[in-house]
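Peer 1: following is a predicted model, sequence given first.
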Amino acid sequence: MSYSPPAPGAFTRLMWKAAGADESLLRQCNYNEHVKFVGLGGIVAATGILASLAGGFAFWTIFRPKGDEITTGASVAAAIGSIVMGVLWGAIIFNLDRYIVASTGKGDGTEAITFRELTNALPRMVLGAIIGLTISAPLETRIFQPEIDTALRRVRQERIVEYRTTTEANFTKTFGDLLEQRKTWQQEIDAQRQRADSAQARATAEMDGSGGSRFRSQGPIYRAKQKIADDEKAKLEETRARVKPHIDDIERTLATRRAERDKELKFNEETISRLDGLQIRMKLAEEVAGSGVTWMIRLLFLAIELTPIFFKLMIIKGPYDYLEENAKEFIKASRGIGTKYEYVQVEGAPMMVERTVFAEAERERERVSPAKKPETALPRDDTGPMRALT
């Protein structure tokens with residue numbers, strides 16, 4: 001019976017490369033082996049694509065213009081930068097994931113996963129879990145973006161009220177002290193004005209006969225009262241001239257403080273309007289979706305990331321595995337690399353040990369620098385078994 005597997009297409013060969021498989025060996029295998037490594041490479045490629053999307057969205061969330069800084073040019077630059085960084089991040093994760101899958105052993109060739117196999121694969125599983133969680137976090141914020149945007153507006157409004165209250169409280173005492181000082185100076189003017197008005201009212205009443213002596217005249221009594229009124233008016237002008245600089249100074253200080261308060265309020269609003277980073281979105285994603293939903297998504301990405309590792313531990317040895325082992329042994333044998341077993345004395349008892357022999361290197365070493373005959377040597381059995389690698 002002659003069997004010829006179907007020729008692999010470009011996509012199949014690409015998936016083989018993603019899985020870290022040897023194309024020349026896979027071409028000699030049956031179709032089932034082809035499909036197996038296409039699936040394995042597809043998972044690795046999908047991880048890289050998802051990592052690229054997650055990285056691009058994360059970089060866009062971090063570097064995109066926020067608040068009043070939004071401009072067309074800045075948005076385009078941020079978008080291009082996010083795409084480039086996303087592709088770079090995806091390539092890094094793809095290469096790392098490809099290494100993890102390619103370097104993970106194949107277990108004992110049975111479907112059962114032993115404790116020893118799990119222990120050996122544990123470092124790669126931990127690294128794969130970290131990659132899975134890293135990929136899932138930015139995508140969670142994209143999946144729940146409408147809910148996060150609503151929650152983010154609420155958080156901004158609460159922060160604005162909080163910052164406004166704090167700012168107003170910080171300036172309230174200053175405003176109160178200044179207003180109290182202005183009130184004191186103004187009361188001094190008002191008191192003098194009241195005295196001047198009262199004196200003028202008495203003089204007028206004396207003149208028209210509605211008060212005072214009840215005689216209408218501009219006699220000595222009226223002139224005396226009018227002089228008092230004129231003196232009080234003069235004092236009023238003097239008081240105004242003396243007090244006005246103080247009031248003007250207070251008004252200028254109040255205007256300065258109000259400008260500082262308004263500037264701080266505006267700064268707070270601008271700061272809060274830029275409250276749109278990756279950290280707060282990840283935090284809000286946990287709040288709006290709940291830990292149950294977010295962990296379901298994380299477990300999904302963990303499954304995608306760890307499936308190739310478990311797959312390789314559960315895989316039953318197939319033609320590709322035997323061909324790969326044969327190729328490794330052939331390469332070692334062709335370069336004079338083998339394994340030799342010899343006996344050595346350990347605490348007075350003979351023990352057989354395994355020693356790797358590098359025949360070509362030893363011949364070259366002897367040619368360049370012939371080895372001296374050792375003075376003493378441990379007894380050994382050169383007739384022991386040696387695995388021929390031919």
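Peer 2: Done, it's in. Residues are numbered from 1 along each chain as shown.
Peer 1: so how far is stretch 222-232 off the chain centroid?
Peer 2: 82 Å (CA atoms, centre = their mean, to the nearest Å).
Peer 1: contacts for it next, please.
Peer 2: Contact partners of stretch 222-232, identified using CB atoms under 8 Å, 6 or more residues apart in numbering, comprise Gln192, Arg195, Ala196, Ser198, Ala199, Gln200, Arg202, Ala203, Glu206, Met207, Gly212. C-beta: built from backbone N, CA, C; applies to glycine.
Peer 1: give me the helices and strands touching the helix or strand containing Ala78, please.
Peer 2: Applying DSSP states H and E as the criterion places Ala78 in helix 72-103. Packing contacts for helix 72-103, counted by 3 or more CB pairs under 8 Å, 6 or more residues apart in numbering; DSSP states H and E, involve helix 10-19, helix 31-63, helix 115-143, helix 278-314.
Peer 1: neighbours of Met125, just the number please.
Peer 2: 18 (other CB atoms under 10 Å).
Peer 1: hmm, I was thinking of Ala51
Peer 2: 27.
Peer 1: which residues touch it?
Peer 2: Ala51 touches Trp89, Gly90, Ile92, Ile93, Phe94, Ile131, Thr134, Ile135, counting by CB under 8 Å, 6+ apart.
Peer 1: re earlier: what mean pLDDT does the helix holding Ala78 get?
Peer 2: Averaged across helix 72-103, the pLDDT comes to 84.
Peer 1: list the buried residues of that helix.
Peer 2: If you call a residue buried by 16 or more other CB atoms under 10 Å, then helix 72-103 has these buried ones: 78, 82, 85-86, 89-90, 93-94, 96-98, 100-101.
Peer 1: do stretch 37-52 as well
Peer 2: Those would be 37-38, 40-45, 47-48, 50-52, for stretch 37-52 by 16+ other CB under 10 Å.
Peer 1: and the contacts of stretch 222-232 as JSON lines, adding neighbour count, pLDDT and secondary structure?
Peer 2: Shown next, in JSON lines, are the contacts of stretch 222-232 (neighbours: other CB atoms under 10 Å; pLDDT from 0 to 100; DSSP: H, G, I helix; E, B strand; the rest coil):
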{"residue": "Gln192", "neighbour count": "19", "pLDDT": "87", "secondary structure": "helix"}
{"residue": "Arg195", "neighbour count": "18", "pLDDT": "88", "secondary structure": "helix"}
{"residue": "Ala196", "neighbour count": "21", "pLDDT": "88", "secondary structure": "helix"}
{"residue": "Ser198", "neighbour count": "13", "pLDDT": "87", "secondary structure": "helix"}
{"residue": "Ala199", "neighbour count": "20", "pLDDT": "85", "secondary structure": "helix"}
{"residue": "Gln200", "neighbour count": "17", "pLDDT": "85", "secondary structure": "helix"}
{"residue": "Arg202", "neighbour count": "17", "pLDDT": "82", "secondary structure": "helix"}
{"residue": "Ala203", "neighbour count": "22", "pLDDT": "81", "secondary structure": "helix"}
{"residue": "Glu206", "neighbour count": "24", "pLDDT": "74", "secondary structure": "helix"}
{"residue": "Met207", "neighbour count": "20", "pLDDT": "77", "secondary structure": "helix"}
{"residue": "Gly212", "neighbour count": "17", "pLDDT": "61", "secondary structure": "coil"}
